[in-house]
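S.K.: After the sequence you'll find the predicted model.
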Amino acid sequence: MISDAQLYSLAVFLGSAAMLMIVLYHFLEINAKDWKEESPISKERRADAVPAATKTR
């Protein structure tokens, strides 16, 4: 059976690992390349895809 001390250590380790993964995810997300700029769709077609209510005149 697992003791209280082992359970506590496991909880601290898993919590710390989860926080590190969250920080790593945000770091990678912020520094990721924006692939939308390299889209093969022309600007005119991209503008037509925007709903009329959000278009600025």
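M.R.: Good, I have the coordinates.

S.K.: rest of the way, CA atoms for contacts and neighbours
M.R.: Will do.

S.K.: could you pull out the helices for the chain?
M.R.: 4-30, 43-49 (DSSP state H).

S.K.: In terms of pLDDT, where does K43 sit?
M.R.: At K43, the pLDDT value in this model is 64.

S.K.: neighbours of I30, just the number please.
M.R.: Counted by other CA atoms under 10 Å, the residues lying close to I30 total 9.

S.K.: Kindly state the pLDDT recorded for D34?
M.R.: Predicted confidence (pLDDT) for D34: 71.

S.K.: what's the burial count for it?
M.R.: As a burial measure, D34 scores 9 neighbours (other CA under 10 Å).

S.K.: One more: Y25?
M.R.: 11.

S.K.: rank the helices of the chain by pLDDT, which is bottom?
M.R.: For these, where the average pLDDT is lowest is helix 43-49, sitting at a mean of 66.

S.K.: related to what we said a few turns ago, winner for burial among the helices of the chain?
M.R.: helix 4-30 (a mean of 11; mean count of other CA atoms under 10 Å).

S.K.: Check which helices and strands that one sits against.
M.R.: Packed against helix 4-30 by the contact rule (3 or more CA pairs under 8 Å, 6 or more residues apart in numbering; DSSP states H and E) you find no helix or strand.

S.K.: From here on, call the first residue 7.
M.R.: Yep, numbering from 7; the last one is helix 10-36 now.
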